[in-house]
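Undergrad: just coords:
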C-alpha cells in the first residue's frame, strides 16, 4: 500500500466539521436579517464544487439559488445578483483573478459575500463581507452552508441527526475508503497511465467530481487529455465514439441521480473493453446511516480518486505540483 498520513487526514476533516458552529452563527444571522437569493460563484475546481452544492439543494429546497461561473459572470453579468443576494465563494490562495473580480462586481451590485479562504492574509480574505479561514475540505464547507440555509427554512429536518453521525464517523470512514481503494488505485494507474484520452462520466453530486477530476487533476496535474460528460447526456452523442479500446470511467454515487449513471454502466460492457465503474455503494462507511450516504458520496469518490492520483503520480514519475503554464505565464 502506498502510505498516506491517516491521522493528518482525520484531523483535517474533523477540523472542517468543527467550523460548523462558526458557519451556523453566520448563516443564522443572515437568515434573521433576511436575504433574497443565494449565488454559488466559482471557477475551475471551485465551480465544480458549486455544481455539487446546487444539485444537493435542488433536490431538497425551494429557496432561490443558482450557480455562476465567475468568468461568465464578469462578461455577461446576472441580474439576479444584487441587493439581498448572498454570494458564496472558495479560494485556496485568495488570488484567483476571476474570483477576486467577481466578488468586487457582486459587491458593487449590492450583494454580500461569504468567503472560504485558505490564506487569511490574502487580498480576497479582506475583500469579502464574511470570511472563514481553514484549508481544504471545500465541498464539505459548501454543504454545511447549504444545509444550514435549508434547515433554517424548515426543509432539512434530518440536519441534527446527519451531523451527529458526520461528526462522529465521517473522518475515519473516509480514511478507511482510501485504504480499501488503494489496490484499485494502483491497478487503475498502471492500466491507464499511457492513455491518449480518458472519458469520465457522472451525474448528481458526482458530476462536479467528474468535471473537476477530469480537468483539474488529470489535465492540469497529470497532463493526460480527458473529457467529462454528464450521464444524462451520454446517450446523446458520446456513445458513438466509444469502442472496445476507449478508456471510460463512470462515477456512481448514491443520490437521486444514481440511476442515470447506472444506465451508462449497464450499457458499456456491450461496446467497451476498457471501462471502469467506481461505485461509492461498495464502501462500508461505518457509522453512516443508509439514508445519509448519498449526501456524502462525492466525498467518498474523492477519497477513491486520491488513491488513483497517488499511484498515477508514482508510476508516471510526474509530481502533481508541477505546472507548465498555470500561474507561470500571463494569460
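TA: Yes, it's here. Please read all numbers here as calculations on a predicted model, not as lab measurements.

Undergrad: list the contacts of the residue nearest the centre of the chain.
TA: Compute the mean C-alpha point of the chain, and by C-alpha atoms, centre = their mean the closest residue is residue 49, 3.7 Å away. Residue 49 is in contact with 42, 90, 138-139, 142, 208, 212, counting by C-beta atoms under 8 Å, 6 or more residues apart in numbering. Every residue, glycine included, has its C-beta placed from N, CA and C.

Undergrad: ok, for residue 44, nearest residue in space, not its chain neighbours?
TA: Leaving aside its sequence neighbours, residue 44 sits nearest to residue 216 (C-beta to C-beta, 6 or more residues apart in numbering; 6.1 Å).

Undergrad: kindly report the same for residue 142.
TA: Spatially, and ignoring its direct neighbours in sequence, residue 142 is nearest to residue 53 (4.4 Å; C-beta to C-beta, 6+ apart).

Undergrad: that's a helix at that neighbour, yeah?
TA: Yes: according to DSSP: H, G, I helix; E, B strand; the rest coil, residue 53 belongs to a helix.

Undergrad: related to what we said a few turns ago, three-state assignment of the residue nearest to residue 44?
TA: Secondary structure, three-state DSSP: residue 216 is helix.

Undergrad: and if you look at residue 4?
TA: With three-state DSSP as the criterion, residue 4 reads coil.

Undergrad: hang on, it packs against residue 310?
TA: Yes: using C-beta atoms under 8 Å, residue 4 is in contact with residue 310, at 6.9 Å.

Undergrad: which one of these two is surrounded by more residues?
TA: Using other C-beta atoms under 10 Å, the more surrounded residue of residue 4 and residue 310 is residue 310, with 20 against 14.

Undergrad: please determine how far that one is located from residue 210.
TA: Distance, residue 310 to residue 210, using C-beta to C-beta, to the nearest Å: 19 Å.

Undergrad: ok, now residue 309?
TA: The gap separating residue 309 from residue 210 is 15 Å, by C-beta to C-beta.

Undergrad: which one of those two is surrounded by more residues?
TA: Taking neighbours as other C-beta under 10 Å, residue 309 and residue 210 compare with residue 210 leading, 29 against 19.

Undergrad: quickly find the element holding the more buried one.
TA: helix 205-212 (DSSP states H and E).

Undergrad: what helices and strands are in contact with that helix?
TA: helix 45-60, strand 198-202, strand 226-230, strand 248-252, helix 293-315 (3 or more C-beta pairs under 8 Å, 6 or more residues apart in numbering; DSSP states H and E).

Undergrad: switch to 10 Å and redo it
TA: Other elements packing on helix 205-212 under the criterion 3 or more C-beta pairs under 10 Å, 6 or more residues apart in numbering; DSSP states H and E are helix 45-60, helix 138-152, strand 198-202, strand 226-230, strand 248-252, helix 258-267, helix 293-315.

Undergrad: quick one: closest of those to residue 183.
TA: Shortest separation from residue 183 across these is recorded for helix 293-315, at 8.6 Å, computed as C-beta to C-beta.

Undergrad: that closest one vs strand 198-202, what angle?
TA: 170 degrees (axes from the mean of the first three to the mean of the last three C-alpha atoms, to 10 degrees).

Undergrad: related to what we said a few turns ago, quick one: the helix holding residue 210 to helix 258-267, angle?
TA: Going by the same axes, to 10 degrees, helix 205-212 makes 60 degrees with helix 258-267.

Undergrad: so how far is helix 205-212 off the chain centroid?
TA: The chain centroid and the centroid of helix 205-212 are separated by 6 Å under C-alpha atoms, centre = their mean, to the nearest Å.

Undergrad: mean confidence for that helix?
TA: In this model, helix 205-212 has an average pLDDT of 98.
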